[in-house]
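> When you get a sec, could you give me coordinates for this:
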Amino acid sequence: MRPSATSTRLAQSETSQVREPETVRAWLLGGFWVSVGSQIIERDQWRLRKAAGLVKLLAIAPSHRLHREQVMDLLWPDLGRKAASNNLRRVLYTVRKVLDPAAGSRYLASQDESLVLSPEGQLWVDVEAFEEAGVSARRSRDPAAYRAAIELYAGELLPDDRYVEWAENRREQLRRHYLELLVELTGLYEERGEYRQAAETLQKALSEEPTNEEAHASLMRLYALSERQGEALAQYERLRGILSGRLGTAPGAMTRALRDKIATGSFQPTQHAVPPQEKPWHADKHNLPAPGTSFVGREREMVEVKRMLSMTRLLTVTGTGGCGKTRLALEVARNLVGSYQDGVWLVELAPLSEGALVPQVMAGTLGVQEHPGRPLVESLLDALADKEMLLVLDNCEHLIDAVARLTMVLLDSCPRVRVLATSRERLGVAGELTWLVPSLSAPGAKQSPTVEELEGYESARLFADRASNRHPGFQLTPENALAVAQVCTTLEGIPLAIELAAARIGMLSAGQICGRLGHSLKLLTGGDRTADRRHQTLRAALEWSFELLSEPEHVLFRRLAAFAGGFTLDAAESVGGREDIDEEDILGLLAMLVEKSLVVVEESWERGRATG
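This next block holds a predicted model:
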C-alpha cells in the first residue's frame, strides 16, 4: 500500500536551493513509485511498461548497476540480440526523458557497457532502508529498533510484478527477512516477560505465513503463559482448520501434546520472577523527557513519519501552533532510540531569543566543549563527524535562518547524522522533506455519534483522556457524547485546543464548554503551569505565530480575518489588495502565510480554497 499522502507532501517539501543532481527515491515495497527531487513520477508517465521495468531492475540490483547484456536477457528473454538491443535503446530514451527531460542521462548513465541508476546523485531505495534498519535492530537487540525496521516493510516487493521471474527470489528473500525480524522481536518480548506484546507480534508473522505450525504452537504457549487458556485452545483449532483446508494435514504430535496439556490444566511453565533486565546499551544515549501524559492516536502518522525519516537526512515536521508537532516528534524519537548507535538527542530551541545561541545550546546538549580561539561550530563538526545519531531540533521557527545554516553545515560534514526538526515553517535546506501534521480525526459538523462511534475519533479520545486526568469520574456517556463531539468539531481536532477545553471539566460540563466556545478564546486557558508559555493558552499559541510575521504579512492576516470558514484566492486579493498592499503581491504573501502554518490550503478540481 502506498504511504499515505507521501506524494503530495514530497511535492511540497524539497527546498528551492537545488543541488545538482537531485535525490532519486524509489519505492518497491507494497508498490512502485519514483520521485526525482520534489517531482513524483506517476504511473502513466512511464509510457512503456519496460521503461518502469528497467528502473525496477536497477533499483534492486547490487550497486544499482547492470551490464547491458543482463538487462536485455532479463527484460526480453525471448528476443534475439538485435531486437532486444533496439528495444533497450527505445526504453533508455524513454526512461531518461521521464527522469530528467532536460539533462537526459543524468539519472541513468551508461558506464563501461553497464547501466547505472543515479550515478552522480543520491539514491534512496526503500528495500535498502528496510534491510539497513534490520541490521541496526539486530545489533542493538532493542524492541524499538525492531519495530522501526518492521514498519519499513510496507508490503511485498513489486506486487504488480508478481510473476516476473527476476523479482521472485528477491521478493521471497525480503519476505523471509521480515518474518525473521518478527520472530526475533517475539523472542525479545518473551525474554522480558512481555507475553501480550510477543503474541501480538507473532500474529503478524502468522498473517504472512498462516501454515507455519511452529509459530502457531509458540502463540499457543504465549497465550498459556499469560493465562489466556481459552485463546490458546482457539488458536489450536485455527491451526487445525488451516492445515486441513490448505495442506490436507493435521497438527503434529508435539503441538497436539501442548494442546492437551493446556486443555487439562497440566501446562505448568516454570514459575519465576522475570529477571531484571540488563541496562539497554542506549540507556544513556538520549535526553528525551519522560512523557507526562499518555499519547493518544496518531498511529498512522507515527509510521508515516518514521518511513519519511528513513528516506531523508532532514525531515521537518510542520503545522500550526498547538497541532502536536513536538509531541509527535518526541514519540517518534523515543521509538527510534535503539536505531542510532550514538543516540537520539533533543535540542530545545523555544527558550532562545538569538540565533547566535543555537550552536551553544546544541553543544551543551551533546557535551561538546568550546575551545579558546576556535569557532564552536568547528568543534561541533569534529565531535559529530563519525557519529550515528538523530538530532531533534524542536521549535525552530523563530530562529529559522540560524537553524537552517547550522543544519546545512552539519548534514554536509557529518554523513551519519539525521535531523528531525519541528517548525511552523520549513527550514529551506537542500534535500529537506517536510511533513504537515494533520489535525486529530473529529466527527463531522452534522454528526450525532454514539459513544462507540465517538471513541473511534482521536480528538474525542484525547478529550476523554485529559478530562479524566482532571476529573477522574469523567467518561464518555450517551448524555455527553453530542457535546463532546461538538467541542472536538468546533476545535477542528487541534490537540492543544482540545486539551485546554478538557481542562475545564469538573468546573463546567461538556455541554457548558461547548456553549462557551463560540464567544471567546478566554475559555481555552489553564494549561500546565510548567509548560511553555505558548502552550498555556490558545491565544498565546496564535500570538507566537503572529509575532513572527513581517509587517505586510501582519496586515494581510488581519484582513483575512474578515472571512469565516475559508476564502478563495480571488476573494483574498479583493480584500487584501488595498492601501499599502498591491493586489499582485497577495499571492506571494499568502504563500508565506501557508509556509508559516497560519493558512491552510484546501484543493479541489474546481477552485482553490484556503482557511485561516
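> Which residues belonging to stretch 453-468 are considered buried?
454, 457-467 (16 or more other Cβ atoms under 10 Å). Yep, even glycine has a C-beta here, placed from its N, CA and C like the rest.
> With pLDDT, secondary structure and distance to Met72 as new columns, can the residues you listed be given to me in JSON lines?
JSON lines is the format used below for the buried residues of stretch 453-468 (pLDDT from 0 to 100; DSSP: H, G, I helix; E, B strand; the rest coil; distance: Cβ to Cβ, whole Å):
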{"residue": "Leu454", "pLDDT": "90", "secondary structure": "helix", "distance to Met72": "60"}
{"residue": "Tyr457", "pLDDT": "91", "secondary structure": "coil", "distance to Met72": "55"}
{"residue": "Glu458", "pLDDT": "91", "secondary structure": "helix", "distance to Met72": "52"}
{"residue": "Ser459", "pLDDT": "90", "secondary structure": "helix", "distance to Met72": "56"}
{"residue": "Ala460", "pLDDT": "90", "secondary structure": "helix", "distance to Met72": "59"}
{"residue": "Arg461", "pLDDT": "92", "secondary structure": "helix", "distance to Met72": "56"}
{"residue": "Leu462", "pLDDT": "91", "secondary structure": "helix", "distance to Met72": "57"}
{"residue": "Phe463", "pLDDT": "88", "secondary structure": "helix", "distance to Met72": "62"}
{"residue": "Ala464", "pLDDT": "90", "secondary structure": "helix", "distance to Met72": "62"}
{"residue": "Asp465", "pLDDT": "90", "secondary structure": "helix", "distance to Met72": "60"}
{"residue": "Arg466", "pLDDT": "88", "secondary structure": "helix", "distance to Met72": "63"}
{"residue": "Ala467", "pLDDT": "88", "secondary structure": "helix", "distance to Met72": "66"}
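> ok, those residues vs Pro77, which is closest?
Glu458 (50.9 Å; Cβ to Cβ).
> where does the closest residue to that closest one other than its chain neighbours land in three-state SS?
With sequence-adjacent residues excluded and distances taken as Cβ to Cβ, 6 or more residues apart in numbering, Glu458 is closest to Gly297, at 3.1 Å. Recorded secondary structure, Gly297: coil (DSSP: H, G, I helix; E, B strand; the rest coil).
> low-confidence ranges in the stretch 1-150 of the chain?
Low-confidence segments of the stretch 1-150 of the chain, defined by pLDDT under 70: 1-20, 103-104.
> how about the strands in it?
24-27, 33-36, 39-41, 65-67, 108-111, 114-117, 123-125 (DSSP state E, counting those that start in this stretch).
> Redo those strands as JSON lines? Include mean neighbour count and distance to Tyr153.
Below are the strands of the stretch 1-150 of the chain laid out as JSON lines (neighbours: other Cβ atoms under 10 Å; distance: least, Cβ to Cβ, whole Å):
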{"stretch": "strand 24-27", "mean neighbour count": "24", "distance to Tyr153": "12"}
{"stretch": "strand 33-36", "mean neighbour count": "22", "distance to Tyr153": "16"}
{"stretch": "strand 39-41", "mean neighbour count": "17", "distance to Tyr153": "22"}
{"stretch": "strand 65-67", "mean neighbour count": "17", "distance to Tyr153": "25"}
{"stretch": "strand 108-111", "mean neighbour count": "15", "distance to Tyr153": "27"}
{"stretch": "strand 114-117", "mean neighbour count": "22", "distance to Tyr153": "22"}
{"stretch": "strand 123-125", "mean neighbour count": "19", "distance to Tyr153": "13"}
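> and the chain, what are its domains?
Domain assignment for the chain by automatic domain parsing gives 6-121, 299-436, 451-539, 549-611.
> mean confidence for stretch 510-518?
Mean pLDDT, computed over stretch 510-518, is 78.
> ok, and what's touching that stretch?
467, 480, 483-484, 486-487, 490-491, 501, 504-505, 508, 523-524 (Cβ atoms under 8 Å, 6 or more residues apart in numbering).
> can you put the strands of the stretch 1-150 of the chain in CSV and add distance to Pro552?
Listed next are these as CSV, based on distance: least, Cβ to Cβ, whole Å:
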stretch, distance to Pro552
strand 24-27, 36
strand 33-36, 34
strand 39-41, 31
strand 65-67, 52
strand 108-111, 45
strand 114-117, 45
strand 123-125, 38
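> follow-up on the earlier one: please identify which of the contacts of stretch 510-518 is nearest to Phe474.
The closest of the contacts of stretch 510-518, once distances to Phe474 are taken by Cβ to Cβ, is Ala467, at 4.4 Å.
> Could you save the domains of the chain as a markdown table and add columns showing distance to Arg196?
Shown next, in a markdown table, are these (distance: least, Cβ to Cβ, whole Å):
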| stretch | distance to Arg196 |
| --- | --- |
| domain 6-121 | 28 |
| domain 299-436 | 17 |
| domain 451-539 | 21 |
| domain 549-611 | 39 |
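> Dump stretch 228-237 to CSV, restricted to CA.
Extracted as CSV, the C-alpha positions of stretch 228-237 are listed here (Å, rounded to 0.1, in the frame of the first residue of the first chain):
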residue,chain,number,x,y,z
ARG,A,228,-5.3,-17.0,28.3
GLN,A,229,-6.0,-20.7,28.0
GLY,A,230,-9.2,-20.2,26.0
GLU,A,231,-7.3,-18.2,23.4
ALA,A,232,-4.6,-20.9,23.3
LEU,A,233,-7.1,-23.6,22.6
ALA,A,234,-8.9,-21.5,20.0
GLN,A,235,-5.5,-21.0,18.3
TYR,A,236,-5.1,-24.7,18.0
GLU,A,237,-8.4,-25.0,16.3
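> looking only at pLDDT, what's the mean for that stretch?
In the prediction, stretch 228-237 has an average pLDDT of 92.
> Can you give the distance of it from its chain's centre?
Centroid separation for stretch 228-237 versus its chain: 35 Å, with Cα atoms, centre = their mean, to the nearest Å.
> that older thread, ok, of the contacts of stretch 510-518, which come out buried?
467, 480, 483-484, 486-487, 490-491, 501, 504-505, 523-524.
> Excluding chain neighbours, give the residue nearest to Val164 in space.
Leu158 (7.3 Å).
> Is that neighbour in contact with Trp27, as I believe?
No - if you go by Cβ atoms under 8 Å, Leu158 and Trp27 don't touch, sitting 10.0 Å apart.
> closest one to Ala199 among the strands of the stretch 1-150 of the chain?
Closest among the strands of the stretch 1-150 of the chain, using Cβ to Cβ: strand 24-27, at 30.9 Å.
> Greatest separation within the contacts of stretch 510-518: which pair is it?
The distance between the two most remote of the contacts of stretch 510-518 (Cβ to Cβ) is 18.8 Å, for Asn480 and Leu524.
> and Asp588, helix, strand or coil?
Quick fix: residue 588 reads Gly, not Asp. Applying three-state DSSP: Gly588 is helix.
> Equivalent analysis for Cys514, please.
Applying three-state DSSP: Cys514 is helix.
> Going by distance to Arg221, which of the buried residues of stretch 453-468 wins?
Arg461 (33.4 Å).
> taking the contacts of stretch 510-518 one by one, which sit in strands?
Nothing among these maps onto strands, per DSSP state E.
> can I get these in TSV with distance to Met362?
Shown next, in TSV, are the contacts of stretch 510-518 (distance: Cβ to Cβ, whole Å):
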residue	distance to Met362
Ala467	38
Asn480	46
Ala483	46
Val484	42
Gln486	44
Val487	40
Thr490	40
Leu491	35
Ala501	36
Arg504	39
Ile505	40
Leu508	43
Leu523	38
Leu524	33
